[in-house]
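Asker: fold the following.
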Amino acid sequence: MKRALIPAICSLFLSGSVSAADIDNINELIQSEFKDLSQDLTAALSYKAVQPAEAMGLLGFDIGIELGATEMKSDAWKIATGGGENWLPVPKLHISKGLPFGINIGGFYTQVPTTNIKLWGAEASYAILAGSTLVPALAVRGAYTKLSGVSQLEFDSKSIDISISKGLTLFTPFAGIGHVWADSTPRVLGAGGVNLTAESTNATKIFAGLNFNLLGGNLAIEADKTGDNLTYSAKLGLRF
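Answerer: Numbers count the residues shown, from 1 in each chain. Next comes the predicted model:
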């Protein structure tokens, strides 16, 4: 996964196949398609930390501009958006802060351009192992995201994961595994005026990435697989 991460991110973000559209055609879905859409949105809109496991400490701070792109695998996504492409790009302003006792807190906010998607998320993590020159850091994280701006849909997700990282000279590899639970509630009737019912989705997630210490800045890249959907993310900013 890591060997393909950087070229995959570059090709996705520069490709014309990465675009987005309003979610305003849920009334054209049947129940099975709404379930498929919910699975795609669970992967795209659930929390992505894009950072190593170690605690940052009381003076630690991480702020960056993040861009992720998630593969939307179902035809339901194209129906719900009136022809949206196969990859959904989600830019974010992402902030994390270190606290005492191995705790980090963080969050993000986004309004996805050319769509009605507004999304915020929050997380808290605890470093079970702080990490050292010989021992990797190990942390557990809980997170929540909430969608707004889409009048036809209510969506939120909850997740928990455990991650490991090991700082090297100029970069820190990290990886983890977790689980995501999401609830999607339609606010319109489906195709043919049939009632659509809420869908509860749960999926296993695995992720891996690299954090680079740059002169005067920081770059983190990550590949995430939630359920059957891939997400590639890159975050550029400051971390200290």
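Asker: hmm, who's touching the biggest helix by length in the chain?
Answerer: Using DSSP state H, we find that the single longest helix of the chain is helix 31-45. In this structure, residues lying in contact with helix 31-45 by C-beta atoms under 8 Å, 6 or more residues apart in numbering are 26, 29, 68, 70-77, 79-80, 88, 90, 117, 119, 145, 147, 155, 157, 180, 182, 184, 186, 190, 194, 196-197, 199, 201, 203, 224, 226-229, 231. In this view, the C-beta of every residue, glycine as well, is placed from N, C-alpha and C.
Asker: can you get me a residue count around P52?
Answerer: P52 sits with 28 neighbouring residues when counted by other C-beta atoms under 10 Å.
Asker: kindly report the same for the one 10 residues further on.
Answerer: By the measure other C-beta under 10 Å, the count of residues near D62 is 24.
Asker: that one and I177, how far apart?
Answerer: Noted for D62: a distance of 22 Å to I177, by C-beta to C-beta, to the nearest Å.
Asker: what's the answer for L29, then?
Answerer: For L29, the distance to I177 - C-beta to C-beta - is 31 Å.
Asker: which residue ranges of the chain form helices?
Answerer: 5-14, 31-45, 75-80.
Asker: in the longest one, what's buried?
Answerer: Counting neighbours by 16 or more other C-beta atoms under 10 Å, one finds that the buried residues in helix 31-45 are 33-45.
Asker: and it, how far out from the chain middle?
Answerer: In this view, helix 31-45 has its centroid 15 Å away from the chain centroid, taken as C-alpha atoms, centre = their mean, to the nearest Å.
Asker: try the shortest one
Answerer: Between the centre of helix 75-80 and the centre of its chain there are 20 Å (C-alpha atoms, centre = their mean).
Asker: got the contact list for that helix?
Answerer: With C-beta under 8 Å, 6+ apart as the criterion, helix 75-80 contacts 23-26, 28-29, 33-34, 36-37, 40, 72, 84, 88.
Asker: ok, now with 6 Å
Answerer: Outside helix 75-80, the residues within contact range by C-beta atoms under 6 Å, 6 or more residues apart in numbering are 23, 25-26, 28-29, 33, 36-37, 40, 84.
Asker: what residues are bridge-paired with W181?
Answerer: Beta-bridge pairing for W181 (DSSP bridges): K158, N202.
Asker: quickly note the distance from it to G106.
Answerer: Distance from W181 to G106, by C-beta to C-beta: 20 Å.
Asker: who has more neighbours, those two?
Answerer: With neighbours defined as other C-beta under 10 Å, W181 and G106 compare such that G106 has more, 22 against 15.
Asker: was I right to think the more buried one contacts H94?
Answerer: No - judged on C-beta atoms under 6 Å, G106 makes no contact with H94 at a distance of 7.1 Å.
Asker: tell me which helix or strand of this protein sits lowest on mean pLDDT?
Answerer: helix 5-14 (a mean of 46; mean pLDDT, DSSP states H and E).
Asker: report the contact partners of the residue nearest the centre of the chain.
Answerer: For the chain, the residue nearest the mean C-alpha position is K48 (3.4 Å; C-alpha atoms, centre = their mean). By C-beta under 6 Å, 6+ apart, the residues touching K48 are 68, 224, 233.
Asker: E199 now?
Answerer: 35, 38, 184.
Asker: and those residues, which is closest to L134?
Answerer: S38 (44.0 Å; C-beta to C-beta).
Asker: okay, that closest one: pLDDT?
Answerer: We have a pLDDT of 98 for S38.
Asker: next one: R187
Answerer: 96.
Asker: what does stretch 166-180 rub up against?
Answerer: 42, 46, 52-53, 136, 157, 159-163, 165, 203-213, 226.
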